[in-house]
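K.L.:
What follows is a predicted protein model with its sequence.
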Amino acid sequence: MAQNTQPQPSLSLEETKGALQDVLDAFETSENKTRMDEVKDAAGNDMLKMMQIVFPVVTQIQQEVIAKYGFTTDGEGAIKFAQTVRQYEIVDNDIASMASKLKSLFLPPMPPVEVLQPTKPETTVSSS
């Protein structure tokens with residue numbers, strides 16, 4: 001397997017924030033909204049189908065945007081961008097919020113969590 005020797009960029013916090021906003025904005029275009037609606041409908045809530053159908057479309061849309069910031073349009077560029085975001089999301093609430101929105105595009109909606117009430121242990125009365 002040939003390795004990509006093109007260096008990936010190092011973005012500042014503000015550049016990362018701008019890149020993330022641009023990625024999120026890309027998902028708001030009418031063309032990409034339509035594409036996302038189609039693939040999400042096709043996948044439903046099936047995680048395997050999400051990975052097979054939705055993930056490639058989300059990745060393609062993201063790669064089109066991050067290329068403008070100097071990242072390669074391959075898996076290596078997407079991974080480097082994700083690492084850059086992760087580096088800043090622990091120190092910046094805006095980036096953390098935007099990263100969470102981006103991640104939600106990759107995952108099916110989670111069903112509400114049912115809160116279970118603890119049960120009382122049954123006590124037995126022994127007659128002696």
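P.N.:
That came in fine, so what should we check first? This is a predicted model, so every value here is computed, not measured.

K.L.:
Scan the helices and strands of the protein for the one with the lowest mean pLDDT.
P.N.:
Sorting the helices and strands of the chain by mean pLDDT, DSSP states H and E puts helix 47-49 at the bottom, at a mean of 88.

K.L.:
What distance do you get for the residue positioned nearest the centre of the chain to V85?
P.N.:
In the chain, the centroid-proximal residue (C-alpha atoms, centre = their mean) is K103; its distance is 1.9 Å. According to C-beta to C-beta, to the nearest Å, K103 and V85 sit 10 Å apart. For every residue, glycine as well, the C-beta is placed using N, CA and C.

K.L.:
Also K17?
P.N.:
Separation of K17 from V85 (C-beta to C-beta) stands at 10 Å.

K.L.:
swap in S104?
P.N.:
14 Å.

K.L.:
Show me which positions of the helix or strand containing the residue nearest to the centre of the chain end up buried.
P.N.:
For K103, the host element (DSSP states H and E) is helix 93-106. Of all the residues in helix 93-106, those buried under the rule 16 or more other C-beta atoms under 10 Å are 95, 98-99, 102, 105.

K.L.:
I'd like those as TSV, with pLDDT and distance to V65 appended.
P.N.:
Converted to TSV, those look like this (pLDDT from 0 to 100; distance: C-beta to C-beta, whole Å):
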residue	pLDDT	distance to V65
I95	94	15
M98	94	13
A99	93	14
L102	90	11
L105	81	13
